[in-house]
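Visitor: what's the 3D shape of this:
(one chain, ligands or ions: 2)
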Amino acid sequence: MTLIVALDFGGTKLAAGVVNAGAREWLHYERRLSPPNADAKTDLEIMRSLIHSLVQGAKPAAIGVSFGGPVDATTGVVRLSHHVPGWENIPLGKLLEEEFGVPAKVDNDANVAALGEHRFGAGKGYESLFYITISTGVGGGWILNGKPWRGTEGMAGEIGHMVVDPQGSVCLCGKQGCVERLASGPYMAQEVQENWQRGGKILRELVGGNWELVTGKIVSEAAIMGDELAQEVLYRGAWGLGVGIGNVANLVNPQRFVLGGSVTKAGEKWWEVVRKTAQKTALPEVSFDIVPAALGDDAPLWGAVALAETNCEVVEKAG
Ligand code: ADP
Ligand code: ZN
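Guide: Ligands and ions are numbered 1, 2, ... in the order given. Next up is the predicted model:
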């Protein structure tokens, strides 16, 4: 048996799975919430105990890791996490290799999810695709000529901070009118909160008059129920994402865009606005399709399996 361990360090969640090389079902699988005051140390501690309980004394052949933040994929060093303190320059790959005595590959979650969707999901059989996650943030990962394209510093695919409205509101990155500033769940909620005076009855009722309770999910629920402010904010987000996708299509001409993350559950109209805007933004000669991700929350974990399988000779021989 050749065991592959897959790890997913998310902003709020930690997940680990074990699979037989080549198999498509988890042998063991566990998901935990990060404690409220989590830092790199506590997350690592939880992950270590998850791994030990999952492999049950067996020695895995390789470890693949999806990390929610920028990573140097060649060295396995985490640069930082925007959500969890203490991750600055942590050599995560090396720590795991030392503890478990097997090769460990680390990459950021969008790149890894792209790999997962390419290998096992909505991108199967596509030579070139761009995966985008629209959730708490917006991130992207490339597969070009069948392989991940990370860019010189691992920063390729940052569609979240592509500017689509230069006069727009300021984003956490310091620039104005980024895709993420328009389309992410928390920013849509913020947009509604800042304009609550114009808020409709439906939104007001959904949060019982307490605007602090607005979330991206509630914005999309209210939009579907017909609330005008919610519709304005949600579909402006979809528009911003569509402009970003259309520009990316012009520049690199991938076959397919795969969209994952919770905001993609915002309903048919949201998808329609994204698709129409992307088509309108791209040149008429540039064709592509835009489809939902197939692996859901497990895309980073399956991508971590693919990462381990791709990078570790041990596994290729066994597979
Ligand atoms: P995470 O992806 O960080 O684990 P969630 O999936 O719960 O967290 O939500 C991420 C963001 O997506 C939140 O801002 C949430 O409000 C938003 N969201 C969740 N469901 C929907 C939905 N159906 N439509 C629009 N936004 C949503
Ligand atoms: Zn930005």
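
Visitor: all strands of the stretch 151-300 of the chain, in order?
Guide: 256-260, 289-292 (DSSP state E, counting those that start in this stretch).

Visitor: report the inter-axis angle for whichever helix in the chain runs longest versus strand 256-260.
Guide: In the chain, assigned by DSSP state H, the helix with the most residues is helix 228-252. Between helix 228-252 and strand 256-260, the angle comes out at 140 degrees (axes from the mean of the first three to the mean of the last three C-alpha atoms, to 10 degrees).

Visitor: and helix 228-252, what other elements does it pack with?
Guide: With contacts defined as 3 or more C-beta pairs under 8 Å, 6 or more residues apart in numbering; DSSP states H and E, the packing partners of helix 228-252 are strand 129-134, strand 138-144, helix 179-183, helix 185-194, helix 201-206, helix 216-224, strand 256-260, helix 268-281. C-beta coordinates here come from the backbone N, C-alpha and C atoms, glycine included.

Visitor: would you list these in a markdown table and tack on mean neighbour count?
Guide: Listed next are these as a markdown table, based on neighbours: other C-beta atoms under 10 Å:
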| stretch | mean neighbour count |
| --- | --- |
| strand 129-134 | 28 |
| strand 138-144 | 25 |
| helix 179-183 | 28 |
| helix 185-194 | 20 |
| helix 201-206 | 17 |
| helix 216-224 | 22 |
| strand 256-260 | 25 |
| helix 268-281 | 18 |
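
Visitor: could you export those as JSON lines, including mean pLDDT and distance to Asn247?
Guide: Below are those laid out as JSON lines (pLDDT from 0 to 100; distance: least, C-beta to C-beta, whole Å):
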{"stretch": "strand 129-134", "mean pLDDT": "97", "distance to Asn247": "11"}
{"stretch": "strand 138-144", "mean pLDDT": "96", "distance to Asn247": "12"}
{"stretch": "helix 179-183", "mean pLDDT": "98", "distance to Asn247": "10"}
{"stretch": "helix 185-194", "mean pLDDT": "96", "distance to Asn247": "20"}
{"stretch": "helix 201-206", "mean pLDDT": "93", "distance to Asn247": "31"}
{"stretch": "helix 216-224", "mean pLDDT": "97", "distance to Asn247": "23"}
{"stretch": "strand 256-260", "mean pLDDT": "97", "distance to Asn247": "12"}
{"stretch": "helix 268-281", "mean pLDDT": "98", "distance to Asn247": "6"}
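
Visitor: distance to ligand 2 for the ones you listed - can I get that in JSON lines?
Guide: Output for the helices and strands packed on helix 228-252, formatted as JSON lines (distance: least, C-beta to the ion, whole Å):
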{"stretch": "strand 129-134", "distance to ligand 2": "14"}
{"stretch": "strand 138-144", "distance to ligand 2": "9"}
{"stretch": "helix 179-183", "distance to ligand 2": "5"}
{"stretch": "helix 185-194", "distance to ligand 2": "10"}
{"stretch": "helix 201-206", "distance to ligand 2": "26"}
{"stretch": "helix 216-224", "distance to ligand 2": "17"}
{"stretch": "strand 256-260", "distance to ligand 2": "19"}
{"stretch": "helix 268-281", "distance to ligand 2": "19"}
